[in-house]
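Peer 1: curious how this folds, go ahead:
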Amino acid sequence: MANRFILNETSYHGSGAIREIVTEVKARGFKKAMVCSDPDLIKFGVTKKVTDLLDAANLDYVVYSDIKPNPTIENVQSGVKALQEAKADYMIAIGGGSSMDTAKAIGIIDKNPEFSDVRSLEGVAETKNPCTPILAVPTTAGTAAEVTINYVITDAQKDRKMVCVDPHDLPVVAFVDPDMMASMPKGLTAATGMDALTHAIEGYITAGAWEMSDMFHIKAIEIIARSLRGAVENTPEGREGMALGQYIAGMGFSNVGLGIVHSMAHPLGALYDTPHGVANAIILPTVMEYNAPATGTKYKDIAEAMGVDTTGMDQEAYRKAAVDAVKKLSQDVGIPADLKEIVKVEDLDFLSQSAYDDACRPGNPRETSVAEIKELYQSLL
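Peer 2: Next up, the predicted model:
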């Protein structure tokens, strides 16, 4: 069986990377952008850092901001209409996963109108055409949506998140500029950073993992483990490290999948609007313990990448050390330890079935069931 690996055409990294947007727009002959960015980023002047560059270069654009933290079907539908009314030929997605996921769905439908029913995009949609070109500018260090073939849209009517996987949605250029992430508050930095760590760890142990993806994931774990505490304190080194670490994690997991940490986190976002990174961070250590028997020696690698000296440790000890290192990092950056303030007991059956049905679940290294997932939720209450 051949292993497929898909990445951006081009990516720019480091302070000032956004200045290359104008270069890329002119080189590609784009005429008019729809800038997709959420209302808070516009309010606090983050989006303006990019639109000022467009203004200075006399590049035409419109702004689309009907984007929620967990973007909905309605956000996508109104975005498709706005794109077509503006006669824009490309998009600039500025923000975290929400802005980029919205732009991906808009772009896919724009170029594949037979998928205008957003629900038809769930899972692996057999689209024929690449989406409307997207230039991606992440403002959080977590989702890596700028380098992944995945996006997530919330079906508010059914209280569930739809995981969509499509090579045609990949942004053509990513501008990973840590200066665009400097305004993130501590809580958001911590949550998105733990999301990135979850990507790296789940990607490393997922059923589809292989040597090339392993290379990215181990390096990502190492960078995130040494950078996240600093990023939460807004140090330049921490911000730069997280910008790179989350991107490297995305290079890996986009191509091999994830597991039940994500499948358990998705329904929490859909039902309670729980921030995705917070949900992942709370669930990750518990699922690591559950998955340990199906991971061979990989937790030794994870522990060492997290900075643990595993000399003399047997399998049980290094597996525990890996989980403990994740718990300690999560605690240090202020993530809650359990789901007591989030989950209602009466919702457990719905959450467990939703998690089992989620597109990330088949990638889990250990076979699971609805009943076992329910037990995992219960253990966190």
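
Peer 1: ok, now how distant is I302 from S254?
Peer 2: Using C-beta to C-beta, to the nearest Å, I302 is found at 20 Å from S254. Backbone N, C-alpha and C define where each C-beta goes, glycine included.

Peer 1: then S379?
Peer 2: S379 is 30 Å from S254, by C-beta to C-beta.

Peer 1: who's more crowded, those two?
Peer 2: Applying other C-beta atoms under 10 Å to S379 and S254 shows that S254 carries more neighbours, namely 25 against 12.

Peer 1: which other helices and strands contact the one helix or strand that one maps to?
Peer 2: Here S254, judged by DSSP states H and E, is contained in helix 236-256. Other helices and strands packing on helix 236-256, by 3 or more C-beta pairs under 8 Å, 6 or more residues apart in numbering; DSSP states H and E, are strand 10-13, strand 134-138, strand 173-176, helix 186-205, helix 211-232.

Peer 1: which residues of the stretch 1-150 of the chain fall in strands?
Peer 2: For the stretch 1-150 of the chain, applying DSSP state E, counting those that start in this stretch gives strands covering 10-13, 32-37, 60-64, 90-95, 123-124, 134-138, 150-155.

Peer 1: do I have it right that E237 meets R229?
Peer 2: No. Under the criterion of C-beta atoms under 8 Å, E237 makes no contact with R229, lying 10.7 Å away.

Peer 1: looking at those two, which one has more neighbours?
Peer 2: In terms of neighbours (other C-beta under 10 Å), R229 is the more surrounded of E237 and R229; the figures are 15 against 12.

Peer 1: list the buried residues for stretch 307-315?
Peer 2: 308, 310 (16 or more other C-beta atoms under 10 Å).

Peer 1: what about it, average pLDDT?
Peer 2: Regarding stretch 307-315, the rounded mean pLDDT is 97.

Peer 1: measure it end to end?
Peer 2: 17 Å (C-alpha to C-alpha, to the nearest Å).

Peer 1: how many other residues sit next to K48?
Peer 2: Quick note: K48 (other C-beta under 10 Å) scores 14 neighbours.

Peer 1: let me know the pLDDT of it.
Peer 2: Looking at K48, the pLDDT reads 97.

Peer 1: next one: N70
Peer 2: 85.

Peer 1: go on, V173?
Peer 2: 98.

Peer 1: so how far is stretch 206-224 off the chain centroid?
Peer 2: Distance, stretch centre to chain centre, for stretch 206-224: 15 Å (C-alpha atoms, centre = their mean, to the nearest Å).

Peer 1: buried ones in that stretch, by neighbour count?
Peer 2: In stretch 206-224, counting by 16+ other C-beta under 10 Å, buried: 206, 209, 213-214, 216-224.

Peer 1: what do you get for stretch 9-24?
Peer 2: Buried, per 16+ other C-beta under 10 Å, within stretch 9-24: 11-12, 17-18, 20-22, 24.

Peer 1: try stretch 54-69
Peer 2: Result for stretch 54-69 [16+ other C-beta under 10 Å]: buried residues 54, 59, 61, 63-67, 69.

Peer 1: now the residue positioned nearest the centre of the chain: how far from S263?
Peer 2: Geometric centre of the chain, nearest residue: T143, 2.2 Å, by C-alpha atoms, centre = their mean. Look at T143 and S263: by C-beta to C-beta, they are 16 Å apart.

Peer 1: now V22
Peer 2: 40 Å.

Peer 1: what of E240?
Peer 2: 31 Å.
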